[in-house]
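K.L.:
Compute the structure for the input listed below.
(one chain, ligands or ions: 1)
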Amino acid sequence: MSNRKLVVVTANCPQSHACPSVKICPVNALVQDGFNAPSGLQDKCIKCAKCVLYCPMKALVFE
Ligand code: SF4
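P.N.:
Numbering: from 1, shown residues only. Have a look, this model is predicted:
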């Protein structure tokens, strides 16, 4: 998984609420502006996949 990067699948995100996965990230690598789809900060992300597993909409994936 180390060569993969976190990708936000905007089409899967309803963009209508505070992203629950933002609080799950242990290194604050997921940020959200308003209710927009969150963004992953690649330089911070340690690829733990917690946010990927937590998002019920499958809007966070590794590619
Ligand atoms: S994979 Fe882990 S470190 Fe990276 S954004 Fe998701 S929760 Fe944060």
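K.L.:
My guess is Ala18 contacts Val31. True?
P.N.:
No - using Cβ atoms under 8 Å, Ala18 is not in contact with Val31, being 11.7 Å away. Just so you know, the C-beta spots here come from the backbone N, C-alpha and C atoms, and that holds for glycine as well.
K.L.:
out of the two, which sits in the more crowded spot?
P.N.:
Shown here are Ala18 and Val31; by other Cβ atoms under 10 Å, Val31 has more neighbours (14 against 11).
K.L.:
Name the residues of this structure found near the ligand, please.
P.N.:
Within the chain, the positions near the ligand by Cβ under 6 Å from any ligand atom are 6, 24-25, 27, 29-30, 40, 45-51.
K.L.:
what's the neighbour count on Asn12?
P.N.:
By other Cβ under 10 Å, the residues close to Asn12 number 14.
K.L.:
which non-adjacent residue is nearest it?
P.N.:
The shortest distance from Asn12 to any residue other than its chain neighbours is 3.9 Å, reached at Ala59 (Cβ to Cβ, 6 or more residues apart in numbering).
K.L.:
The one you found and the ligand, how far apart?
P.N.:
12 Å (Cβ to the nearest ligand atom, to the nearest Å).
K.L.:
burial of that residue, as a residue count?
P.N.:
Ala59 is flanked by 21 other residues according to other Cβ under 10 Å.
K.L.:
Wait, it touches Val8, no?
P.N.:
Yes - Ala59 lies in contact with Val8 (Cβ under 8 Å); the separation is 6.2 Å.
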